[in-house]
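Student: quick one: sequence plus predicted model below, questions after.
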Amino acid sequence: MLETYFSAPKTLKRLRSGPSAPYIDGFAAWLEQTGYSPASAVRYLRAASHLGHFLDTEGATFAESDAGMAQTFRQHLPSCRCPLSNGGKINHHTFFGIKCFHHYLVQLGVCPDDAAPVGESDEPALIGGFRHWLEVHRGAARSTVKQYCRGASELLEALGNDTQQWGPQQVRAFFLERCARDGSVTGEKRVTAVRAFLRYLIAQGGCRTDLDRAIPRLAHWRLASLPRGLTSEQVEQLLGACEGDSPGRIRERAIVLLLLRLALRAGDVAAMRLGDLEWDNATMRVSGKGRYEVRLPLPQDVGDALLRYLECRPRVATDQLFVGNIAPYKPFVCGGSVSAVVKRLLARAGVEAPTKGAHLLRHTAATQMLRHGIALEQIGSVLRHRGVDTTAYYAKVDVGLLQPLAQPWPEVMQ
């Protein structure tokens, strides 16, 4: 497989020598299958061979290679004078090549996997149980689980592991002390996280039954602000900025149209699977919060954009719809990836927006539906709101229509 990238017999012989030799051809095939460019593959293969020779001089093997050895190798590179280092400059390509080679060897079972599992093996049993409860019984998203477990861990560290001894005064004091240092948004997130953890403990018999009431309510005037969306002109600017034939522009257009036409959340788009697109009846399945699944119609322009994206989508072994544009073409793991796409696109389009994320386009879709005369109940069904009160937030968006309802003050009439 090395012959795909190298032709000189001397170079091939050097690369196929040393501790890396048994794995170098397979690594070359993996780089090609994963979608790395030939120029990157050449650099990474040289780095992989170099690492093998370095381990040999250190008297170590790949089975003993860990994060510490990788750091030692990085420190060795600036002053490297290895006769078998395969030449080439030492730069970020070398470091990334070593990372890719280590990842490949971990997949083969040659190197130990130093990566910590998602559930953090050393976390307390209470947090592990809370994590499992959120994932299995509440159907919480990964980002929500991470946020809630962080808040629960802070509470556990502050008050100790004996939850039966926790009292309302302790819980309240912890909460007020933390909120005094944070902003309102962080404080609201801590309210939901800590309250959910306490209710979990109550259900498990782990603390007194009324402890969740010790969490104070933060001052919050619901529906007090106006929804933030883009104007029709800004929407056209945004769509114009993702015109083009490059894979990146095609993917951006598909994502933006999903957000604008169907008012999806960023997490909805990131979690979409190839099987969610039902072409026969022009619908698509969307799994939202709490595993709440609905079918939405697939508009013509959205379907055309998705078909065009599927034609240039990298061929990777995942059924997730959206993947990265740069090798190794990893699938989107959370809504943050979708919001990052929108943020870059807003900057390129020169759109001055009140917020810089995917939720901006959800607000835009809702306000556009309202201005076209669609009833709040129908908008709520598209947005998948649990109650009409949430959708009523958008009733204030058309200030022009609301002005006739405002009565003049007596002082103004004089």
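Tutor: Sure thing, it's come through.

Student: element containing Gly240?
Tutor: According to DSSP states H and E, Gly240 maps onto helix 232-241.

Student: list the buried residues of stretch 239-247.
Tutor: Burial within stretch 239-247, assessed by neighbour count using 16 or more other Cβ atoms under 10 Å, is assigned to Leu239, Ala241, Cys242. In this view, the C-beta of every residue, glycine as well, is placed from N, C-alpha and C.

Student: how about the last one, what does it touch?
Tutor: For Cys242, the set of contacting residues under the criterion of Cβ atoms under 8 Å, 6 or more residues apart in numbering consists of Arg249, Glu252, Arg253, Val256, Leu345.

Student: got these as a markdown table, with distance to Ala140, secondary structure and neighbour count columns?
Tutor: Putting the contacts of Cys242 into a markdown table (distance: Cβ to Cβ, whole Å; DSSP: H, G, I helix; E, B strand; the rest coil; neighbours: other Cβ atoms under 10 Å) gives the following:
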| residue | distance to Ala140 | secondary structure | neighbour count |
| --- | --- | --- | --- |
| Arg249 | 34 | helix | 16 |
| Glu252 | 29 | helix | 25 |
| Arg253 | 31 | helix | 24 |
| Val256 | 27 | helix | 24 |
| Leu345 | 29 | helix | 21 |
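
Student: of the buried residues of stretch 239-247, closest to Ser7?
Tutor: When the buried residues of stretch 239-247 are ranked by distance to Ser7 (Cβ to Cβ), Cys242 comes first, at 40.6 Å.

Student: stretch 329-336: end-to-end distance?
Tutor: Start-to-end span of stretch 329-336 (Cα to Cα, to the nearest Å) is 16 Å.

Student: and the residue nearest the centre of the protein?
Tutor: With distances taken as Cα atoms, centre = their mean, the residue of the chain nearest its centroid is Cys334 (2.5 Å).

Student: how near is that one to Thr144?
Tutor: Remark: distance between Cys334 and Thr144 (Cβ to Cβ, to the nearest Å) = 10 Å.

Student: the helices in the stretch 301-414 of the chain, which residues?
Tutor: In the stretch 301-414 of the chain, the segments counted as helices under DSSP state H, counting those that start in this stretch are 335-349, 359-371, 376-383, 388-391, 399-402, 410-413.

Student: right, I mislabeled it, should have said the stretch 1-150 of the chain
Tutor: 9-15, 21-34, 38-58, 67-76, 92-108, 125-136, 142-159.

Student: so which bits of the second one are buried?
Tutor: In terms of neighbour count (16+ other Cβ under 10 Å), helix 21-34 has its buried residues at Tyr23, Ile24, Asp25, Phe27, Ala28, Trp30, Leu31, Thr34.

Student: ok, these vs Thr61, which is closest?
Tutor: Tyr23 (12.2 Å).

Student: grab the nearest non-local neighbour of the closest one.
Tutor: Spatial nearest neighbour of Tyr23, excluding adjacent residues (Cβ to Cβ, 6 or more residues apart in numbering): Leu105 at 6.4 Å.

Student: how far away is the one you found from Pro112?
Tutor: From Leu105 over to Pro112 the distance is 10 Å, taken as Cβ to Cβ.

Student: ok, those two, which is more surrounded?
Tutor: Between Leu105 and Pro112, counting by other Cβ atoms under 10 Å, Leu105 is the more crowded of the two (22 against 14).

Student: re the thing from before, hang on, isn't the residue nearest to the centre of the chain packed against Val269?
Tutor: No. Between Cys334 and Val269 there is no contact under Cβ atoms under 8 Å: 10.6 Å.

Student: next one: the residue nearest to the centre of the chain from His102, what distance?
Tutor: Per Cβ to Cβ, Cys334 is found 24 Å from His102.

Student: and Pro328, what does it touch?
Tutor: The contact partners of Pro328, taken as Cβ under 8 Å, 6+ apart, are Thr34, Gly35, Tyr36, Cys100.

Student: would you mind splitting this protein into its domains for me?
Tutor: 2-108, 125-214, 232-398 (automatic domain parsing).

Student: export these to JSON lines and tack on mean pLDDT?
Tutor: Formatted as JSON lines, these follow (pLDDT from 0 to 100):
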{"stretch": "domain 2-108", "mean pLDDT": "79"}
{"stretch": "domain 125-214", "mean pLDDT": "87"}
{"stretch": "domain 232-398", "mean pLDDT": "84"}
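
Student: where exactly do the helices run in the stretch 151-300 of the chain?
Tutor: Going by DSSP H, counting those that start in this stretch, the stretch 151-300 of the chain shows helices at 168-179, 184-203, 232-241, 247-262, 266-270, 300-312.

Student: Thr318 is nearest to which of the ones you listed?
Tutor: For the helices of the stretch 151-300 of the chain, the distance to Thr318 is smallest for helix 266-270, at 12.4 Å, taking Cβ to Cβ.

Student: angle of the helix holding Gly240 against helix 359-371?
Tutor: 130 degrees (axes from the mean of the first three to the mean of the last three Cα atoms, to 10 degrees).

Student: so how far is Val302 from the closest residue to Gly324 other than its chain neighbours?
Tutor: Leaving aside its chain neighbours, Gly324 sits nearest to Lys330 (5.3 Å; criterion: Cβ to Cβ, 6+ apart). Applying Cβ to Cβ, the value for Lys330 to Val302 is 24 Å.

Student: tell me which of the two has more neighbours.
Tutor: Comparing Lys330 with Val302 by other Cβ under 10 Å, the one with more neighbours is Val302, at 22 against 14.

Student: wait, that one touches Leu259, no?
Tutor: No. Applying Cβ under 8 Å as the test, Val302 and Leu259 come out as separate, 10.0 Å apart.
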